[in-house]
Structure formats: structure tokens, C-alpha cells
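J.: Structure for the following, please:
(one chain, ligands or ions: 3)
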Amino acid sequence: MSLRIPLARAGKRATASYVPATSILSPWRRRNATVAPPVTQDATGAKGPTAMVFMNMGGPSTTDEVGDFLSRLFADADLIPLGRLQNYIGPYIARRRTPKIEKQYAEIGGGSPIRKWSEFQAAEMCKILDKTSPETAPHKPYVAFRYANPLTEDMYKRLLEDGFGGGKGGRAVAFTQYPQYSCSTTGSSLNELWKWRQRLEGKRATGEVDPEGAIQWSVIDRWPVHSGLVEAFAQNIEKTLAEYPPERRDDVVLLFSAHSLPMSVVNRGDPYPAEVAATVYAVMQRLGMKHQYRLVWQSQVGPQPWLGAQTSDTVKSLMKKGQTDMILIPIAFTSDHIETLYELDKEVIGEDAEGHEGVKRVESLNGNPVFIQALADLAKDHLQSGIACSPQMTLRCPGCVSERCLAQKEFFAGQTKRLPAVA
Ligand SMILES: C=CC1=C(C)c2cc3[nH]c(cc4nc(cc5[nH]c(cc1n2)c(C)c5CCC(=O)O)C(CCC(=O)O)=C4C)c(C)c3C=C
Ligand code: FES
Ligand SMILES: [Fe+2]
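T.: Numbering: from 1, shown residues only. Ligands and ions are numbered 1, 2, ... in the order given. Predicted coordinates for the structure are as follows:
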């Protein structure tokens, strides 16, 4: 069976009766596929308001929230599949881990800054979009976290309160803040979004949603080599390189560090390792390939095998060989979090490298204006494309057996026919 759903591409908008040729839609759903009315326009031709929903994992804003954060994280079968015992083992592991992780958050200032940065980035991006994409204005910023406040469920309720859906239609874009797609990160957030759509917009008994008047969703599901993202990373690296004396600068090794994945997820066919490598290569091309570099992996949890080489082992090995000038570049996360502020700064630089002045970390993208402009450019291109998600999102991992993935992809792929016509 083909798992691929062909989608209409930019400039070739799907017609109202469009049904994918080799669709993963079940025959019943194909026969009963309903088409929503077009989005209404105001007198100026504007099709807004448009909700721009920033999706991410989130983090505890205070140490008191660490327990809840970890229990949601270990309850997520898309991230940590624990089988039928998920509801027993998950809370147990979360409880056992909480004191250690609370201490780490206490050491980085008492909580994760991810909520502050996500709300700032979303609001700033919307201000730019209102100017560059007046036809979809006004753009309203929302944040939906998977494991911390504001949760996906709360964001969805706010959308409904704000007049999206509930019989009124309206357009919302789920914009993943993970540049590279993994089924354990963006995939999990999309499964959660789909679940709350069924619960909050669907019939109580069946969860079936009447598309007439429901929110029209589309997804920015990955952007690993977007030129603005690459530029923002490259500029930050150049800034850090400039801190070395000129005679040492050319010999600095660049270590791109990304959160690792269990090998079981890699072997399932998860796209993340290839997409992270694509970002690294694009940044190196922008830097003229003038430095030695490696992509290394951090933050593995638990006893099973994870993708390597590990960041901390690599730093120790280079130090041992006398290579004491190196720059760590967090490449798979766009704002500061426990893995940059604690693991890289305190453990890798502070302990493994013994605080050697030649080992530095580039700033995270956080409120970087080049980065926020990149988000706005990406969003504008997406809004004008007339597609609901990338063709790549509709291909399941070769080893995927998840009904959640199937239903979620079926839903988002089917949204293309409901989007407003491309000008
Ligand atoms: C792109 C980034 C990330 C991927 C891919 C990812 C996969 C992944 N993570 C776990 C387990 C845990 N991750 C934890 C924290 C955490 N993870 C990421 C990013 C990715 N995870 C971040 C940014 C954070 C920190 C959040 C913050 O501070 O804001 C944790 C909790 C911390 C701990 O207990 O050590 C766990 C557990 C798995 C199993 C996985 C892939 C399947
Ligand atoms: S696990 Fe990748 S598509 Fe389901
Ligand atoms: Fe993680």
C-alpha cells in the first residue's frame, strides 16, 4: 500500500473536488469527503484574521512546574513509547526524575525561558506579516506547547473563544518551531492538535467534525534549510569566531550539536537526522566551508542505544588531542533551554572542557531579528502557497505502525482543498 498522499503544489491549487489519486483516505471517507465553502473576504479583499500557532515542546517556567512537565512528557507515546504500561511506568519515571531536573532548572535561573521567547517571536513575526501579507491580515499570535503551559488544549479553546471555528470557519496555521521534522517532536505536536480538534470541534459521540464552519488548518511542518534560518545561524557563528585572536581563528573546529534520537526511532525511518544534517551543510556552505566541523548529538536519556557521536565525548576527545578551540552550535532548537544553558554551558563547557576559554557556545536565536524576519518570510510563502503541508509530511516512516500518525496525516493532507485560492 502506498503511504504517500500527493498534494497540490504551490501555484497548482487543488480544485474543490480534489481527491488525492493514491490517497490514504479510507474508501468510506473518500466517498463522503465534504468540501467547505471558500473563506469569505472583506471589502478590501483581506482574508484574515489568520491565527499563527507556534508549536513546540515547552518547558517549565518555574521549578514547581517540573513535575507536571515531566509527567506529560513521559505520558507521550509518540516520544517515549512504553506500551500498555505507559500510564503506570510513565508517571513513575517522571516522579523519580523530577528532583534531578528541578535542580537543573534551578541552576539556570529557576525555569525554562522558552515561553517568553516563543510568545515574543510569534508576536514580532505577526507584526511583520501584517505588513508583508496584508491579504491574510490581521495575524494573531498563539503558542501551543506539548508538555507545558500554554498547552495545545488551552490554545485551541482560546482560538474558539476568539471567534475561530465554532461555525465561523477561519484560518489557522500550525507553525512548528522545530526546524527539522521528527515524529517524536513535530509529529507528536500535530497528533495532539488533531486530537483536540476532534474533541473540541467534533461531535461528542464520534469525534467527527463537520468541516462547515470548523477551523481550516494548514501546517508549516519543516524548514531545515530556509535561507533566513541559515543566515541567522551563520551570523551568530561569525560573531563567535570573531572573539578568537586572528591567528587562531581559522583552526577553530565547529561542533554542531543536536538533541539525539534513540536508534529505534532512527531505524524506524525518522526524517530528523537527515534534516539536521541538511541544516549543518547549508550553514557550512554559507560559511564557505572554511572550517573543520562535525555534527554531534546530545541529551540522551535512559539505557537504550542513541544516535552518536555524543557531544560531550567529542569535546573530551578533541581536548585530549590538543584541539582546544571549538565552538558549540545548538542547531536543532531555536531558543535557550535546559540543553543549552545547563548541559552545554555547565556540563560540557564547564566540566568536560574544564572551562577552557577556547571552548565557546554561540548564542541561541531567541529574539534575533534576522531569525524573526526568516519566520515571517516562511509564513508569508506558506500563506500564499495554497498547500496544507509539505508533500514530505504525508509520507509515513517505513516502520510506522501508529494509528495516530495515519489519522493526523490524513486530516492535514485533506485540508488543502479547503484553503483559500492563491492569487
Ligand atoms: C529537536 C529537539 C528534540 C528532539 C528530537 C527530542 C527528542 C527526544 N527527547 C526525549 C526525551 C526527553 N527530552 C527532554 C527535554 C528536552 N528535549 C528537547 C528537545 C528535543 N527532544 C528539549 C529542548 C528539552 C528541554 C526542554 C526545555 O528545557 O525547555 C526530557 C526532559 C529532561 C530530562 O528528563 O532529561 C526528556 C526525558 C526523547 C526520548 C526523544 C526522542 C524520542
Ligand atoms: S512514526 Fe513517523 S510517521 Fe508515524
Ligand atoms: Fe528531548
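J.: and N368, what is it in contact with?
T.: The contact partners of N368, by Cβ atoms under 8 Å, 6 or more residues apart in numbering, come to A232, N236. Every residue, glycine included, has its C-beta placed from N, CA and C.
J.: oh, I was asking about I101
T.: Neighbour list for I101: V66, L70, I338 [criterion: Cβ under 8 Å, 6+ apart].
J.: go on, Q373?
T.: Neighbouring residues of Q373 by Cβ under 8 Å, 6+ apart: I128, G228.
J.: Most neighbours among the contacts of I101, which one is it?
T.: Using other Cβ atoms under 10 Å as the neighbour criterion, V66 leads these with 26 neighbours.
J.: For whichever strand or helix holds that residue, give the mean pLDDT please.
T.: Using DSSP states H and E, V66 maps to helix 66-74. Across helix 66-74, the average pLDDT comes to 97.
J.: Same check on stretch 341-355?
T.: pLDDT averaged over stretch 341-355 gives 75.
J.: Could I get the buried residue list for that stretch?
T.: By neighbour count with 16 or more other Cβ atoms under 10 Å, stretch 341-355 contains the buried residues L341, Y342, E343, L344, D345, E347, V348, I349, D352, A353.
J.: Check stretch 225-232 too.
T.: Going by neighbour count (16+ other Cβ under 10 Å), the buried part of stretch 225-232 is V225, H226, G228, L229, V230, E231, A232.
J.: same check, this time on stretch 110-122
T.: Buried residues in stretch 110-122, counted by 16+ other Cβ under 10 Å: G111, S112, P113, I114, R115, W117, S118, F120, Q121, A122.
J.: Of those residues, just say which sits nearest to ligand 1.
T.: Proximity of the buried residues of stretch 110-122 to ligand 1 (Cβ to the nearest ligand atom) peaks at S112, which lies at 3.7 Å.
J.: ok, back up a step: go through the buried residues of stretch 110-122 and say which is closest to K195.
T.: Nearest to K195 out of those is S118 (Cβ to Cβ; 20.9 Å).
J.: residues contacting the closest one?
T.: Applying Cβ under 8 Å, 6+ apart, we find S118 in contact with F54, N56, G58, V143, F145, Q177, S335.
J.: count of residues packed around the closest residue to P113 other than its chain neighbours?
T.: Once flanking residues are discounted, P113 sits nearest to D336: 5.2 Å by Cβ to Cβ, 6 or more residues apart in numbering. Residues lying near D336 (other Cβ under 10 Å) number 23.
J.: rewinding a little: tell me which of the buried residues of stretch 341-355 fall in strands.
T.: With DSSP state E as the criterion, strands contain none of the buried residues of stretch 341-355.
J.: And A148, how far from ligand 1?
T.: Between A148 and ligand 1 the computed distance is 8 Å (Cβ to the nearest ligand atom, to the nearest Å).
J.: ignore the last one, D162
T.: According to Cβ to the nearest ligand atom, D162 stands 26 Å off from ligand 1.
J.: That residue: what's its closest spatial neighbour, skipping adjacent residues?
T.: Distances taken as Cβ to Cβ, 6+ apart place K140 nearest to D162, at 6.9 Å, with adjacent residues excluded.
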